[in-house]
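Undergrad: The amino acid sequence is not available; the structure is as follows:
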């Protein structure tokens, strides 16, 4: 990954035909598409460039180097919802599990119908998905599953619940198994493509705001990681900073109409399950997911290193804490819902990070409780000898008889609710036109998870990449270039 760090620059007065802010699933695919079409593209990333292998996946070291604020951020509400953002070259694709789902056809139809999006055919988007899946080597695990993944498959099979292995963007050497793959993140795929076509990728540069003149962005005001101010002049700007940072940047630039008011997430609750045999895998996640109750509710596995296992036990540490002594027999799992609630992102004067709020509906809170109870049942059927739900006052679940106690004592306000899927803060067809141009501007585009009109019920990064490439191609076909 050949990336220029800000300290290597002679100055921070730069120019580009197209400025791409952010280098994740939206920014990297945008940059590659435009550079390969002959545009002079500059990608700026606030975070650092970290090569795969430099940090252990899902470790505290990775959180320090590749997450915003060390992975400790939360949307204010009752309850608050912890969320994570990638802040590094490659964005969220560098820190997630690489699980891939293309957008469901019924979701695309809903977005098209409800938001009046034109030129948004399923056929075109799925053709782009085909390209993305080839580029990222999306495939199932070629060999043995990890023990936590096999446990989820086994429990679902015994209950007769619909389940499936979710493919990942991985390459495998030789026979391979679940832990031998190399993640085909943006730093391994689309960013090298962009650079090969002439794009520049600069790490350690934060875009503070865009300067607009009569609806046209004329430059970006930036700050380097060591505090030096600078400017970037560009004919066009694609903002791809993610569902939190993108609306915050637009608001700091004076663009507020319908921006940041419709945050949608997939809230999740967790539990730790103890088995009689060693199951803990610190550096990988299960690839099986249970979709019996989808799209409202789904189950999957989380990273389960000793620190994360302790975190899953922490809400009732006085009673659950001793279980960490046997952490090798613990694995962490989650129940995720498609939320009816919505949130907001607001940039506030004088603050570096925006204020994020989120409100769960009564239905959401009740569904989280039902989901956690069903997940506990799933783990019992998988052979767990004890289940430790992540909420204050939770019982230890050792049999089906204990599920009634779980259901009776659960309250979302006492649970550790979190999410890694954030979208919908600059929705396509509402805050932008049908191809991502922000209303009221002539040359400012959004091309990331912010555009997804609502939470798709599956990992959103496949949707982000397909929509971003579609929008970038439309830009190539329609923009008037100044010679």
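TA: Yep, it's here. Since the model is a prediction, treat every value here as computed from it, not as a measurement. Residues are numbered from 1 along each chain as shown.
Undergrad: Got phi/psi on the residue nearest to the spatial centre of the chain?
TA: With distances taken as C-alpha atoms, centre = their mean, the residue of the chain nearest its centroid is residue 421 (4.5 Å). When quoted as degrees, to the nearest 10, the phi and psi of residue 421 stand at phi -110, psi 110.
Undergrad: Using the three-state scheme, assign residue 378.
TA: Secondary structure assignment for residue 378 (DSSP: H, G, I helix; E, B strand; the rest coil): helix.
Undergrad: And the closest residue to it other than its chain neighbours, how close does it get to residue 375?
TA: Take residue 378 and drop its neighbours on the chain: the residue closest to it by C-beta to C-beta, 6 or more residues apart in numbering is residue 155, 4.4 Å away. Every residue, glycine included, has its C-beta placed from N, CA and C. For residue 155, the distance to residue 375 (C-beta to C-beta, to the nearest Å) stands at 9 Å.
Undergrad: can you give me the helices for the stretch 51-200 of the chain?
TA: 60-66, 105-115, 122-135, 147-159, 190-196 (DSSP state H, counting those that start in this stretch).
Undergrad: Residue 27 is nearest to which of those helices?
TA: Ranking those by proximity to residue 27 (C-beta to C-beta) places helix 190-196 first, at 8.8 Å.
Undergrad: what pLDDT, on average, does the closest one get?
TA: Averaging pLDDT along helix 190-196 yields 98.
Undergrad: Contacts for that helix, please.
TA: Contacts to helix 190-196, defined as C-beta atoms under 8 Å, 6 or more residues apart in numbering, come from residues 1-3, 23, 28-29, 31-32, 35-36, 41, 43, 89-90, 135, 201.
Undergrad: in that helix, what counts as buried?
TA: For helix 190-196, burial by neighbour count (16 or more other C-beta atoms under 10 Å) applies to 190, 191, 192, 193, 194, 195.
Undergrad: Partner strands of the helix or strand just after that helix, with direction?
TA: Using DSSP states H and E, the helix or strand that follows helix 190-196 in sequence is strand 200-203. Note on strand 200-203: by DSSP bridges, its sheet partners are strand 4-5 (parallel), strand 41-45 (parallel).
Undergrad: Give me whichever of those is most buried.
TA: Among those, ranked by average contacts under mean count of other C-beta atoms under 10 Å, first place goes to strand 41-45 (a mean of 28).
Undergrad: got the contact list for residue 18?
TA: Counting by C-beta under 8 Å, 6+ apart, residue 18 has contacts 34, 39, 40, 41, 42, 234, 235, 236, 237, 238.
Undergrad: returning to what we had before: now the strands paired with strand 200-203 as a markdown table including distance to residue 122 and mean pLDDT?
TA: Output for the strands paired with strand 200-203, formatted as a markdown table (distance: least, C-beta to C-beta, whole Å; pLDDT from 0 to 100):
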| stretch | distance to residue 122 | mean pLDDT |
| --- | --- | --- |
| strand 4-5 | 39 | 62 |
| strand 41-45 | 29 | 98 |
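Undergrad: May I see those strands organised as JSON lines, with distance to residue 411 added?
TA: Shown next, in JSON lines, are the strands paired with strand 200-203 (distance: least, C-beta to C-beta, whole Å):
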{"stretch": "strand 4-5", "distance to residue 411": "47"}
{"stretch": "strand 41-45", "distance to residue 411": "40"}
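Undergrad: what's the closest of those to residue 219?
TA: strand 41-45 (12.2 Å).
Undergrad: Need the contact partners of the closest one.
TA: Against strand 41-45 from outside (C-beta under 8 Å, 6+ apart): 3, 14, 16-23, 27-28, 31, 34-35, 88-89, 91, 191, 194, 197-205, 207, 220, 222, 232, 234.
Undergrad: could you flag which of those residues are buried?
TA: 3, 14, 16-23, 27-28, 31, 34-35, 88-89, 91, 191, 194, 197, 199-205, 207, 220, 222, 232, 234.
Undergrad: Many thanks, we can stop here.
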